[in-house]
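Chemist: okay, here's the prediction I keep looking at, along with the sequence it came from:
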Amino acid sequence: MTTELKAAIAVSSPWEQATLWVNDKPVEWGAKLVLLRGQENDVTLEAPPEIAGALNLALPENSGLNIDASPKFGNWVAPVNGKFNWKITPDAGKSGRITLVFYSREVVQTWVHESLVISSNLADEVTVLMDGIEIPSNGTNIPAGGTAKLSLAYKSPDFIRGLKLALDVVFEEDLVPGDLTSQPPFCQQVLVHEWDITGAQNKVGAFKLKLFSEADWAVLTTPINRLVAPIKMSFGSFAGGTPLLVPPEKNPCKINTPFSYSVTLKSPAGDPLVGVPVTLYAPGSDKEEVEFATNLNGMVRNIHLYKDVDVYGIRAVVRVTDVDHELETLVEVTN
């Protein structure tokens, strides 16, 4: 690297003397400016008169969004009590990347902001997944002592990938700080939107997860989730020696031919769970709902008949410490 290039890199921008706020929250130097769609955003800039006697705010890139500004984009604005102010209102219903540029007659260098227009409700922008599956409206379970991966599916193009987000936990029942941990840690803003969440051993309770951007511009709170006593559930052959196929794979069966199977419950250590009620739901079969208690091997067994060609689900539901644990297998009935 040449001496001239090193010197050029070392020169700081005159705009580092300025302070920028959006909706009364400071924007850190180098951070993306975030505007909330469907509402008025207050943008304020304070700078010494040596670099900003008057300012012009331009919108050279709007990504097809309709965005109003007062004063209008492209107009020169004088400071009031040493501060410049704009009211910027993007239309509701559409997010995207935009570019905002501040011009000053006092300095040659412009201040360019690669910015985002997003919803204040992050649920409009992303779907929250736990171990690759969308968290349902009734929440999801994490086994005590186990780890689950929270990730995001993006509803809009890739612009959310460049937004720093953090995760926090809101305890609802029977849990205290330390009962859930995260990597990256809770409340740490990160660009890679994946978190490994670990539950403490021998703890059960309820909690929500809060996803939020810097300065809480945009927030999402999940339904109530649960830290539950871990149970290993499995579908197997009637004798229990051979596991059944896991969805989306289907277990073959002939019409009007008995389909026999078992469900086994074990502790994380592999010990059988004895005397636990298991409800079996098999819509379309001759026994659509039955209940058994596990035997000394932690197992229940059942047989169904199907009269019509189709694909059917068999669902096993176990309720332990007021929490439902579910497992499903599929049966494809043919002639």
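Modeler: Thanks, I have it.
Chemist: so what are the domain limits for this protein?
Modeler: Residue ranges for the domains of the chain, per automatic domain parsing: 3-118, 122-228, 232-334.
Chemist: possible to save those domains as a markdown table with mean neighbour count and mean pLDDT?
Modeler: From N, CA and C alone the C-beta is placed, and that goes for glycine too. Shown next, in a markdown table, are the domains of the chain (neighbours: other C-beta atoms under 10 Å; pLDDT from 0 to 100):
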| stretch | mean neighbour count | mean pLDDT |
| --- | --- | --- |
| domain 3-118 | 15 | 91 |
| domain 122-228 | 16 | 93 |
| domain 232-334 | 15 | 93 |
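Chemist: how close does the residue nearest to residue 47 when sequence neighbours are not counted get to residue 245?
Modeler: Computed as C-beta to C-beta, 6 or more residues apart in numbering, the closest residue to residue 47 that is not its neighbour in sequence is residue 18, at 3.8 Å. Residue 18 is 63 Å from residue 245, where distance means C-beta to C-beta, to the nearest Å.
Chemist: could you do residue 272 as well?
Modeler: Taking C-beta to C-beta, one finds residue 272 at 23 Å from residue 245.
Chemist: so what's the residue most central in space within the chain closest to, chain neighbours aside?
Modeler: In the chain, the residue lying closest to the centroid (C-alpha atoms, centre = their mean) is residue 128, at 2.9 Å. Leaving out its chain neighbours, the residue that sits closest to residue 128 by C-beta to C-beta, 6+ apart is residue 135, at 5.2 Å.
Chemist: also residue 73?
Modeler: Residue 73 sits nearest to residue 59 (C-beta to C-beta, 6+ apart), 4.6 Å away.
Chemist: go ahead and confirm the one you found touches residue 99.
Modeler: Yes. In this structure, residue 59 is within contact of residue 99 by C-beta atoms under 8 Å, at 7.2 Å.
Chemist: and what about the residue nearest to the centre of the chain, helix, strand or coil?
Modeler: Using DSSP: H, G, I helix; E, B strand; the rest coil, the structure places residue 128 in strand.
Chemist: wait, what's in contact with it?
Modeler: Under the criterion of C-beta atoms under 8 Å, 6 or more residues apart in numbering, the neighbours of residue 128 are 134, 135, 150, 152, 209, 211, 220, 222.
Chemist: what pairs with the closest residue to the first one other than its chain neighbours across the strands?
Modeler: If the residues on either side of it in the chain are set aside, residue 134 comes closest to residue 127, at 5.5 Å by C-beta to C-beta, 6+ apart. Residues found in beta-bridge contact with residue 127 (criterion: DSSP bridges) are residue 153.
Chemist: mind checking how far residue 127 is from residue 226?
Modeler: Using C-beta to C-beta, residue 127 is found at 20 Å from residue 226.
Chemist: likewise residue 130?
Modeler: Computed as C-beta to C-beta, the residue 130 to residue 226 distance reads 12 Å.
Chemist: kindly report the same for residue 140.
Modeler: Note on residue 140: its distance to residue 226, by C-beta to C-beta, is 8 Å.
Chemist: same question for residue 85.
Modeler: Using C-beta to C-beta, residue 85 is found at 47 Å from residue 226.
Chemist: hmm, back to that, can you pull the contacts of the residue nearest to residue 134?
Modeler: Counting by C-beta under 8 Å, 6+ apart, residue 127 touches 134, 152, 153, 155.
Chemist: max pairwise distance over the residues you listed: which two?
Modeler: Maximum pairwise distance in the contacts of residue 127, criterion C-beta to C-beta, is 11.8 Å, between 134 and 155.
Chemist: before I go, just wanted to say thanks for your time.
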